[in-house]
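**Student:** Quick one, structure for this:
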Amino acid sequence: MGWTIVSVDADGAMPPIRIAAALIDDGAGHMLLVRKRGTAAYMQAGGKIEPGEAPIEALRRELAEEIGLAITDAPWLGRFHASAANEPGHRVEAELFHLTAPHDPAIAAEIEEAIWVAIACAGKLPLAPMTREHVLPIALKLLDR
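**Tutor:** Sure, this is the predicted structure:
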């Protein structure tokens with residue numbers, strides 16, 4: 001019989017999955033959303049932060065791997081928490097960055113689909129909790145500027 005070791009916080013909760021993600025807009029009212037292979041929820045491009053890796057480094061690596069976008073820097077929007085879209089019972093802690101980059105995504109890695117969607121209409125899609133609860137409201141505020 002094999003054992004699975006699961007780390008649990010002092011309060012009995014699973015530790016969050018730390019990710020770096022980007023709210024990417026095209027400057028014309030659209031945001032880029034991705035969907036991982038075998039899943040239904042759309043979310044921001046990005047991914048897990050490796051041990052010892054700075055969030056912006058993780059973002060650079062993940063954007064290059066997932067959608068073929070090379071960046072040097074991006075403004076940090078904050079740290080946000082939400083239920084994980086694809087890992088039931090887990091939470092994500094996202095370091096969220098913002099980019100305006102009208103980019104033609106070259107999907108790779110675990111990404112099955114990348115779409116540009118009007119920010120005002122994005123709420124009609126099946127969105128990851130992080131996207132629905134935090135990213136979309138920020139995108140709507142940026143759109144109103």
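
**Student:** Distance-wise, check the closest residue to Ala70 other than its chain neighbours relative to Gly46.
**Tutor:** Of all residues not flanking Ala70 in the chain, Ala64 sits nearest, at 5.7 Å (CB to CB, 6 or more residues apart in numbering). (Each C-beta comes from the backbone N, C-alpha and C, glycine too.) Note on Ala64: its distance to Gly46, by CB to CB, to the nearest Å, is 11 Å.

**Student:** Those two: who's more crowded?
**Tutor:** Gly46 (26 against 15; other CB atoms under 10 Å).

**Student:** for that one, what are its contacts?
**Tutor:** Going by CB atoms under 8 Å, 6 or more residues apart in numbering, Gly46 touches Ile19, Ala20, Ala21, Ala22, Ala58, Leu59, Glu62, Leu63, Glu66, Ala94.

**Student:** so where is the protein shaky, pLDDT-wise?
**Tutor:** Along the chain, the model assigns pLDDT under 70 to residues 1-13.

**Student:** Which positions within the longest helix anywhere in the chain qualify as buried?
**Tutor:** Ranked by residue count, the top helix of the chain under DSSP state H comes out as helix 55-67. Neighbour counts over helix 55-67 (16 or more other CB atoms under 10 Å) mark Pro55, Ile56, Ala58, Leu59, Arg60, Arg61, Glu62, Leu63, Glu66, Ile67 as buried.
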